[in-house]
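J.: Would you be able to build a 3D model of this:
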Amino acid sequence: MNRKFLLMFAIGIGLMAVLVTGILYMQRGARVGLVGQFLKVRTGAFDENSSIAVVDFRFVNPSDVMFQVHDVQLLMEDNDGKQYSGIVSSESDAKRLFEAYPILGQKFNDTLVIRDRIPGKSTADRMVAVRYEAPESRIQGRKRFLLRIKDVDGAVSEISER
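T.: As a prediction, the model looks like this:
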C-alpha cells in the first residue's frame, strides 16, 4: 500500500506542475506595462524662475493588452534625491511652444496625452513638454528625469533617464 500511495502522489504532483506551467504560459502576455528609453532631452528658460523641459522617448508595449494612458508625469530628480513635478503641456500647447521658442528646435514626435491608446506588441515614439518653476540651471544640473505613465486600470510604468 505504501508503494501505491507514493506512485499516486508522484503522479498528482506531476499533473499539478503541468497545470501550473500551462496557466503561467497562457498568461505570459497579460502583464500591462510599458518599457522604454529617452531619445533626446531639451531644456529652455521662460524667465529666471521658470523653465521648460522637452523629452523625446521611445516605448514598447510588450504585453498582449492595450495600454490606455490615464496620467503622465515627468519628475525631475536633483542630486539630493528630491523629486519635483512640473506642469505637463497638451499637444496644442506643445505646438505653440515650439513656434514661440525656436531654441528648442524641431518638434519630432506627437505628445503623449491622456486617453492615448497603445496597442499590445507595439513600439512608438512620443514626447512630453513640462514646465518647471525652477531656473534652467537647476534643470540642467539634475540627476535624472523620471517619466511616470499610469494606465486607466492602475498599472504604472516608469522610464528613467540614464
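J.: Which helix in the chain has the most residues?
T.: The single longest helix within the chain, with elements called by DSSP state H, is helix 2-26.
J.: wait, doesn't Val128 sit right on Val88?
T.: Yes: because the distance of 6.1 Å satisfies CB atoms under 8 Å, Val128 is recorded as touching Val88. All C-beta atoms are positioned from the backbone trio N, CA, C, and that covers glycine.
J.: quick one, which of those two is more surrounded?
T.: The neighbour comparison of Val128 against Val88 (other CB atoms under 10 Å) goes to Val128, with 23 against 19.
J.: contacts for the host helix or strand of the more buried one?
T.: Using DSSP states H and E, Val128 falls within strand 122-132. Applying CB atoms under 8 Å, 6 or more residues apart in numbering, the contact partners of strand 122-132 are 39, 46, 50-61, 72, 74, 76, 84, 86-89, 93-94, 97, 107-112, 116, 118, 138-139, 147.
J.: Stretch 133-150 now?
T.: With contact meaning CB under 8 Å, 6+ apart, stretch 133-150 is reached by 34, 36, 38, 41, 43-45, 48-51, 53, 55, 57, 59, 69-79, 81, 83-84, 86, 112, 128, 132, 156-162.
J.: Let's see that with 6 Å instead.
T.: 34, 43, 45, 48, 50-51, 53, 70-79, 156-161 (CB atoms under 6 Å, 6 or more residues apart in numbering).
J.: I'd like the mean pLDDT over that stretch, please.
T.: Across stretch 133-150, pLDDT averages out at 94.
J.: just stretch 44-58 next, same as before
T.: Averaged over stretch 44-58, pLDDT sits at 94.
J.: start at 14 instead
T.: Will do, 14 is the new start, and the previous item becomes stretch 57-71.
J.: For it, what is the distance to the chain centroid?
T.: Mean C-alpha position of stretch 57-71 versus that of the full chain (CA atoms, centre = their mean, to the nearest Å) differs by 19 Å.
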